[in-house]
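A.B. asks: Predicted model follows, preceded by the sequence.
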Amino acid sequence: MELRFFEIYRSSEYVLLLVQGVANSLSLTVLAGISGFIFATILAGTRYFKIPLLRQICTCFVEFTRNTPLIVQLFFFAFGLPILLGYQWPFWAHALLALTLNFSAYFSEILRAGFQSIEDGQKEAALSLGISPTVLFFKIIFPQAVSKTFPSLNSQFIFLFLTTGIISEIGVVDLTQAGIFIDSRTFRSFEVFITLTVLYIFLSIFLKLLLSILQKYFFRWRFVA
Amino acid sequence: MKNTFIELFGKPEGIVLFQLLEATQFTIYLSLIAFTGGGILALVLAFMATVHNRVSNITSKTYIWFFQSTPLLMLLFLFGLGIPRLLGVNVNIWLAASVALVLYSSAYIGEVWRGSIESIPKSQWEAGEALGLSFFPIFFLIILPQAIRIAIAPTVGFMVQIVKGTSLAYIIGFHDLMSIGKRWANAPVTGTEPYVIFPLMALIYFSLCFPLSQLSQWLERKTKMAS
Amino acid sequence: MKNVRSWLRMAALAITPVFAIPAHADLSEILASGKVKIAIGENFAPFSSLGDEGEHVGFDVDVAKLIAKDLGVELELVPVTSKQRIPYLETDKADLVIASMGANPGRAKSIWFSSAYAPFFSGAFAAESLTIGSISDLSGFKVGLTAGTLEDLELTESAPEGTEIIRFGDNAATQSAFLSGQIDVIVTGNTVAAKMGADNPDLDMSTKFIMKDSPCFIGIKKGNLDLLLWTNVFILHKTLGGDLNTLSEKWFGQSLPPLPTM
């Protein structure tokens, strides 16, 4: 038994591939996070305002997405749906769609709890003052809910980021695929996957830092007594 | 049993359904192993995190941080492919998948339990000391029962993640619902197209996870009401 | 560091008897145990795929059955994915690998190969309308293949700039990608493409070019010399006797071409 890490690092091709993988994993996850958040707001808002029919559809979507594995959703969006609807996208787009929808289901649950935690009194007071529901939502409920639930959203995001490795199965060149590529050429599986693990850990630390900076920046007002 | 399915649904649907459900039991077994093993380790971790020993605390916190920052897929690859290749030994697939999932679960469940133990007011500890009890009895007789009430809802909720986590094990050769389903989805047999098989698999996973999610939500309501 | 490693190794070996399947590696052990474990492709028609009865069927499966019959032992089929073929041999999870496996010097560093038993021409296949005459015409197209296969290694080396090579986790994903129109060109075996065409009559797929003659070999763990020699005799016998030809007609719709021996 011997450890041969240098086989990976000696080749610039492999190192470049790992860098590319890091960049892709990061960018795809961040994009999915942002768009997932936007969609989650729509989902949670629909349920909060109890819009008939749409509300039930959203609930079904959220429950189904949260209770089925990401990989099944991924294959459906990459191969199933394109056949049914007849479109051709690059695979990172399929992955982004699947990840966005997947993330949104989790975020919407957190946001929904956040919305509900805002006292009804605020809603009633605003409506009686003649403030429209839209303004009520965006200026009063939403900011408070997001700032309250931001830590939950953070940890959920990091958790979801760690599940994105599976997109390598549909050919997206993320960090995991970079590792599988190097493994299939060097057969040094242990060294490759230890390297990947370390990289993923660094990435989650990086994302955590990024999000805490974001929190401090966006929610300064929260900490002003 | 197989024939009952064939009679009911005809071939190949009957065979597919039978094989999928038969494979689902392995998904369930692996999930239970992960939950039980992870739960036991989690208790140890939570204990280590709350006991008055710096080394113990730091070890526990580092362990939890490490496994919460590592993708489950990597753990599966390491134990299913990396370590066997490194040592040149044949590692049983159940052992590899179980170890990966147990380590993974133990960190998350451990964190939940640590949090719930730490949320028990200090007055409880002091009351125990006033009664003349030492650390261990206080921990197990006073603190833990109260902590369980707080921890049970999120713990059951994490079981859902475990079941979904098992769907990754097919990559290292574990023959469960995901693996058999993929096999059928791509078999050139009419009636087993991907758009038939994948929704079916999703439904089976859903029927495993949704009751657990509901149970977790129900438990959360019940424990909130009581406190 | 050496002590830690050897300690780790001993610890691993100490617990493996509890959990590991004992090595039925070489010929004598297989004969003694009465069972041979043969790894076949999980999903790669016409070599090996699920049939109507829910059992694996295909060229490789039939070869495996013949081997078990000639050995006089029970057959245990172990379905594996492409990337598991070599690890399963190395870790004794399978005694033989009959899974449309090609040979190259890189792989030969890890395992032994028998003589060839099945033809396999890797090629590029795409819709009729695409003008692709050779590998240099692939620029600008989305080319899909399975990660870690010989086609992967070959194409990566020789593909021109501007070719988008998409590597999928397994053959199933690669085929799904082509069937769902998400890739322009699929690089796989000629017999595999033929089967895809046969199973999907509406599929717009024609052969663009053949990349390499890369016949299939049976994989054997390094060191099992008896098994290797026996396997080569088996292949010789079945080739001369016409058995392999019958199977070739049955599964590939063509007679067995001359195959290289080791």
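C.D. replies: Yep, it's here. Everything numeric here is computed off the predicted structure, so don't read it as measured data.
A.B. asks: Any idea how far whichever helix or strand C:Glu29 is part of is from the middle of the chain?
C.D. replies: Per DSSP states H and E, C:Glu29 falls inside helix C:27-33. Distance of helix C:27-33 from the chain centroid (C-alpha atoms, centre = their mean, to the nearest Å) equals 24 Å.
A.B. asks: got it, and stretch A:206-225?
C.D. replies: With C-alpha atoms, centre = their mean, you get 18 Å for stretch A:206-225.
A.B. asks: Can you list the buried residues in it?
C.D. replies: A:Leu207, A:Lys208, A:Leu211, A:Gln215 (16 or more other C-beta atoms under 10 Å in any protein chain shown). Heads up, the C-betas are built off the backbone N, CA and C, glycines and all.
A.B. asks: Equivalent analysis for stretch C:29-38, please.
C.D. replies: Counting neighbours by 16+ other C-beta under 10 Å, stretch C:29-38 gives C:Glu29, C:Ile30, C:Leu31, C:Val36, C:Lys37, C:Ile38 as buried.
A.B. asks: residues from chain B in reach of chain A?
C.D. replies: B:66, B:68-74, B:77-78, B:81-83, B:85-88, B:160, B:164, B:167-168, B:171, B:178, B:185, B:194-195, B:198-199, B:201-202, B:205-206, B:209-210, B:213 (C-beta under 8 Å from any C-beta of the partner chain).
A.B. asks: same for chain C: which of those are within range?
C.D. replies: Applying C-beta under 8 Å from any C-beta to these, those adjacent to chain C are B:Leu81, B:Ile83, B:Arg85, B:Leu87, B:Gly88, B:Ile171, B:Ala185, B:Pro194.
A.B. asks: Buried among those residues? Make that a PyMOL selection.
C.D. replies: Buried residues within those, by 16+ other C-beta under 10 Å, are selected in PyMOL with:
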select buried, chain B and resi 81+83+85+87+171+185+194
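A.B. asks: returning to what we had before: by contact count, what packs against the helix holding C:Glu29?
C.D. replies: In terms of contacts (3 or more C-beta pairs under 8 Å, 6 or more residues apart in numbering or on different chains; DSSP states H and E), helix C:27-33 is packed against helix C:225-241.
A.B. asks: helices and strands around the helix it packs on, which ones?
C.D. replies: Against helix C:225-241 (3+ C-beta pairs under 8 Å, 6+ apart) you get helix C:27-33, helix C:59-71, strand C:111-118, strand C:216-221, helix C:243-252.
A.B. asks: Next, the buried residues of that helix.
C.D. replies: C:Leu227, C:Leu228, C:Trp230, C:Thr231, C:Asn232, C:Phe234, C:Ile235, C:Lys238, C:Thr239.
A.B. asks: For the second one, give its distance to chain A.
C.D. replies: Note on C:Leu228: its distance to chain A, by C-beta to the nearest C-beta, to the nearest Å, is 21 Å.
A.B. asks: That residue contacts C:Leu96, doesn't it?
C.D. replies: No - using C-beta atoms under 8 Å, C:Leu228 is not in contact with C:Leu96, being 9.8 Å away.
A.B. asks: okay, and the common contacts of those two?
C.D. replies: Common contact partners of C:Leu228 and C:Leu96 (C-beta atoms under 8 Å, 6 or more residues apart in numbering or on different chains): C:Ile220.
A.B. asks: Check the residues of chain B next to chain A for burial and list the buried ones.
C.D. replies: Buried among the residues of chain B next to chain A (16+ other C-beta under 10 Å): B:68-74, B:77-78, B:81-83, B:85-87, B:160, B:164, B:167-168, B:171, B:178, B:185, B:194, B:198, B:201-202, B:205-206, B:209-210, B:213.
A.B. asks: Could you list which of those residues belong to helices?
C.D. replies: Secondary structure from DSSP state H places B:68, B:72-74, B:77, B:83, B:85-87, B:160, B:164, B:178, B:185, B:194, B:198, B:201-202, B:205-206, B:209-210, B:213 of these in helices.
A.B. asks: okay, how far is it across stretch B:159-178, tip to tip?
C.D. replies: End-to-end span of stretch B:159-178 (C-alpha to C-alpha, to the nearest Å): 18 Å.
A.B. asks: Off-centre distance for that stretch?
C.D. replies: That offset, for stretch B:159-178, works out to 10 Å (C-alpha atoms, centre = their mean).
A.B. asks: now swap in stretch C:65-82 and tell me
C.D. replies: With C-alpha atoms, centre = their mean, you get 15 Å for stretch C:65-82.
A.B. asks: So for that stretch, what gets flagged as buried?
C.D. replies: Within stretch C:65-82, the residues scored as buried using 16+ other C-beta under 10 Å are C:Leu66, C:Ile67, C:Ala68, C:Leu71, C:Val73, C:Leu75, C:Leu77, C:Val78, C:Pro79, C:Val80, C:Thr81, C:Ser82.
A.B. asks: where does chain A come near chain B, residue by residue?
C.D. replies: Close to chain B, as judged by C-beta under 8 Å from any C-beta, chain A has residues A:1, A:3, A:63-64, A:66-73, A:75-76, A:79-80, A:83-84, A:158-159, A:162-163, A:165-166, A:169, A:176, A:179, A:183, A:187, A:189-190, A:192-194, A:196-197, A:200-201, A:204-205.
A.B. asks: go again using 7 Å as the cut-off
C.D. replies: Contact residues, chain A versus chain B (C-beta under 7 Å from any C-beta of the partner chain): A:1, A:63-64, A:66-69, A:71-72, A:75-76, A:79-80, A:83-84, A:162-163, A:165-166, A:176, A:189-190, A:193, A:196-197, A:200-201, A:204.
A.B. asks: Mind checking which of these are buried?
C.D. replies: Buried among these (16+ other C-beta under 10 Å): A:63-64, A:66-69, A:71-72, A:75-76, A:79-80, A:83, A:162-163, A:165-166, A:176, A:189-190, A:193, A:196-197, A:200-201, A:204.
A.B. asks: mind putting the helices and strands packed on helix C:225-241 in JSON lines, mean pLDDT included?
C.D. replies: What follows is the helices and strands packed on helix C:225-241, written out as JSON lines (pLDDT from 0 to 100):
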{"stretch": "helix C:27-33", "mean pLDDT": "89"}
{"stretch": "helix C:59-71", "mean pLDDT": "93"}
{"stretch": "strand C:111-118", "mean pLDDT": "92"}
{"stretch": "strand C:216-221", "mean pLDDT": "93"}
{"stretch": "helix C:243-252", "mean pLDDT": "90"}
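A.B. asks: Just name the most buried of the ones you listed.
C.D. replies: When these are scored by mean count of other C-beta atoms under 10 Å in any protein chain shown, the highest mean neighbour count falls to strand C:216-221 (a mean of 26).
A.B. asks: which other residues reach that one?
C.D. replies: C:25, C:85, C:89-90, C:92, C:96-98, C:100-103, C:111-114, C:116-118, C:120, C:227-228, C:231 (C-beta atoms under 7 Å, 6 or more residues apart in numbering or on different chains).
A.B. asks: Cross-check the buried ones among the residues of chain A next to chain B against chain C and keep the overlap.
C.D. replies: Applying C-beta under 7 Å from any C-beta to these, those adjacent to chain C are A:Phe79, A:Ile83.
A.B. asks: For the longest helix along chain A, name the packing helices and strands.
C.D. replies: Longest helix of chain A, by residue count under DSSP H: helix A:12-48. If contacts are counted by 3 or more C-beta pairs under 7 Å, 6 or more residues apart in numbering or on different chains; DSSP states H and E, helix A:12-48 sits against helix A:54-66, helix A:91-117, helix A:175-186, helix A:189-218.
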